[in-house]
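Participant: with the sequence up front, the predicted model follows.
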Amino acid sequence: MVKIVDAPEGYEGQGFFATSFDKVIGLARANSLWPLPFATSCCGIEFMATMGATYDLARFGSERMSFSPRQSDLLIVAGTISKKLGPVLKQVYDQMAEPKWVLSVGACASSGGIFDTYSVLQGIDHVIPVDVYVPGCPPRPEQIIEGVLKIQELAKNESLRRRDSPEYKKMLESYNIETVDK
Ligand code: SF4
């Protein structure tokens, strides 16, 4: 069954519909998120299930996995991230074009999980900014879908100017991520 998303708020009359540019762009972005799965361990398997026929992430316009950072806008980090892998994750994030979002799936990605050890990063937000955290060890596919829906909400309601704002640039700078002035 094809699901048509709801139209954004606007003005409607006979033969016309008018709304703001922000809302149209937000609607398009939210319903065509292209995920880059950065899956390292068990949570990655849950993500595979999320992509399968039973849960079917394609229902939300996100069936197109991208293993190229430049063609994706949703970084899904699922699994344990070692400190050695941190710079690699950061480079992948750097290579993604704006606007981009990050979903941290599971306890390991979000906080190091049960691995409070010398070698494991205690949360990916030590190296990149995270938009939504999904709790659980592992989270069920329903929870991962809930996380994607939360990202959709952020994408839908984001101002087109947010990424150019001083606050956003300051946040990236706090992660030592270079910002480009247009
Ligand atoms: S949170 Fe649990 S299930 Fe997920 S990667 Fe860590 S140990 Fe595995």
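Facilitator: Yes, it's here. Numbers count the residues shown, from 1 in each chain.
Participant: how about the residues of the chain near the ligand?
Facilitator: Within the chain, the residues that sit near the ligand (Cβ under 6 Å from any ligand atom) are 41, 42, 43, 79, 80, 106, 107, 108, 113, 137, 138. C-beta here means a position set from N, CA and C on the backbone, and glycine is covered the same way.
Participant: and the fifth one, how many residues sit next to it?
Facilitator: Counted with other Cβ atoms under 10 Å, the neighbours of residue 80 add up to 22.
Participant: so it makes contact with residue 107?
Facilitator: No. Contact between residue 80 and residue 107 fails when scored by Cβ atoms under 8 Å: they sit 9.4 Å apart.
Participant: overlap in contacts of these two?
Facilitator: Common neighbours of residue 80 and residue 107, using Cβ atoms under 8 Å, 6 or more residues apart in numbering, are residue 113.
Participant: can you list the buried residues in the host helix or strand of residue 23?
Facilitator: Secondary structure from DSSP states H and E places residue 23 in helix 21-30. Buried residues in helix 21-30, counted by 16 or more other Cβ atoms under 10 Å: 26, 27, 29, 30.
Participant: contact partners for the third one?
Facilitator: Contacts for residue 29 (Cβ under 8 Å, 6+ apart) come out as 73, 99, 155, 156, 158.
Participant: on the pLDDT front, check residue 3 for me.
Facilitator: Per-residue confidence (pLDDT) for residue 3: 69.
Participant: mind checking how far residue 151 is from the ligand?
Facilitator: According to Cβ to the nearest ligand atom, to the nearest Å, residue 151 and the ligand sit 19 Å apart.
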